[in-house]
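Colleague: Attaching a predicted model along with its sequence, questions to come.
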Amino acid sequence: MQVSRRQFFKICAGGMAGTTAAALGFAPATALAETRQYKLLRTRETRNTCTY
């Protein structure tokens, strides 16, 4: 397989970015497992009078 210098640098940059993201805790399995409930799901709408 012929790999040009540009392709080699792209592969290395992608590998380094993935490794850095995983080292910082941005693992896809962890991110997908920690879903939260929508914050505004249990709220009520109220009237507001803004004087400004």
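Modeller: Noted; the coordinates are in hand. Computed from a predicted model, the values in this text were never measured in an experiment.
Colleague: Scan this structure for its longest helix.
Modeller: helix 5-23 (DSSP state H).
Colleague: Just the mean pLDDT for that helix, thanks.
Modeller: Helix 5-23 carries an average pLDDT of 91.
Colleague: So which elements touch that helix?
Modeller: With contacts taken as 3 or more CB pairs under 8 Å, 6 or more residues apart in numbering; DSSP states H and E, helix 5-23 sits against no other helix or strand. All C-beta spots, glycine's among them, are computed from the backbone N, C-alpha and C.
Colleague: mind saving the C-alpha coords of that helix as PDB?
Modeller: Taking C-alpha atoms only, helix 5-23 is exported to PDB below (Å, rounded to 0.1, in the frame of the first residue of the first chain):
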ATOM      1  CA  ARG A   5       3.500  12.000   3.100                       C
ATOM      2  CA  ARG A   6       0.200  13.900   3.400                       C
ATOM      3  CA  GLN A   7      -1.800  10.800   4.000                       C
ATOM      4  CA  PHE A   8       0.700   9.700   6.600                       C
ATOM      5  CA  PHE A   9       0.300  13.000   8.500                       C
ATOM      6  CA  LYS A  10      -3.500  12.800   8.300                       C
ATOM      7  CA  ILE A  11      -3.400   9.300   9.800                       C
ATOM      8  CA  CYS A  12      -1.000  10.300  12.600                       C
ATOM      9  CA  ALA A  13      -3.100  13.400  13.400                       C
ATOM     10  CA  GLY A  14      -6.300  11.400  13.600                       C
ATOM     11  CA  GLY A  15      -4.700   8.800  15.800                       C
ATOM     12  CA  MET A  16      -3.300  11.500  18.100                       C
ATOM     13  CA  ALA A  17      -6.600  13.300  18.300                       C
ATOM     14  CA  GLY A  18      -8.400  10.100  19.200                       C
ATOM     15  CA  THR A  19      -5.800   9.100  21.800                       C
ATOM     16  CA  THR A  20      -5.900  12.500  23.400                       C
ATOM     17  CA  ALA A  21      -9.700  12.600  23.500                       C
ATOM     18  CA  ALA A  22      -9.800   9.100  25.100                       C
ATOM     19  CA  ALA A  23      -7.100  10.200  27.600                       C
END
